[in-house]
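Q: Curious how this folds, go ahead:
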Amino acid sequence: MNKPIEKHDYTVSQVAKVFSCAPGTVKNWIKTGKVKAYRLGGPQGRDYRVPWAEVDRLRSEWICSPVRNPAA
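A: Predicted coordinates for the structure are as follows:
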């Protein structure tokens, strides 16, 4: 079952901008379970979305310091 895209869900590139890292790093975090995300198009989909609440959790926890809001 596909999850509907939420207004505040982030793309991998947007998360990378928030945390000043490469998109590949964010994908590694997703694949290793450090970041919760879902795929568009079901399990075989290519594009990930990271819920805004997950980005907020990451900001308050351990990965690194955010630098800006990518939606701005």
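Q: And the residue most central in space within the chain, how close does it get to Gly33?
A: Taking Cα atoms, centre = their mean, the centroid of the chain lies closest to Val50, which sits 3.4 Å from it. Distance, Val50 to Gly33, by Cβ to Cβ, to the nearest Å: 13 Å. The C-beta positions use only the backbone N, C-alpha and C, and glycine is treated the same way.
Q: before we move on, what about Arg39?
A: Taken as Cβ to Cβ, the span from Arg39 to Gly33 is 14 Å.
Q: which one of these two has more residues nearby?
A: When Arg39 and Gly33 are compared for neighbours, Arg39 comes out ahead with 15 against 8, by other Cβ atoms under 10 Å.
Q: and the residue nearest to that one when sequence neighbours are not counted, how many residues sit next to it?
A: The shortest distance from Arg39 to any non-neighbouring residue, by Cβ to Cβ, 6 or more residues apart in numbering, is to Gly45 (3.7 Å). Per other Cβ under 10 Å, the neighbour tally for Gly45 reads 12.
Q: hang on, isn't Gly45 packed against Ala37?
A: No: with contact defined as Cβ atoms under 8 Å, Gly45 does not reach Ala37; the gap is 10.9 Å.
Q: Bridged to Arg39, which residues?
A: Note on Arg39: beta-bridge partners Tyr48, judged by DSSP bridges.
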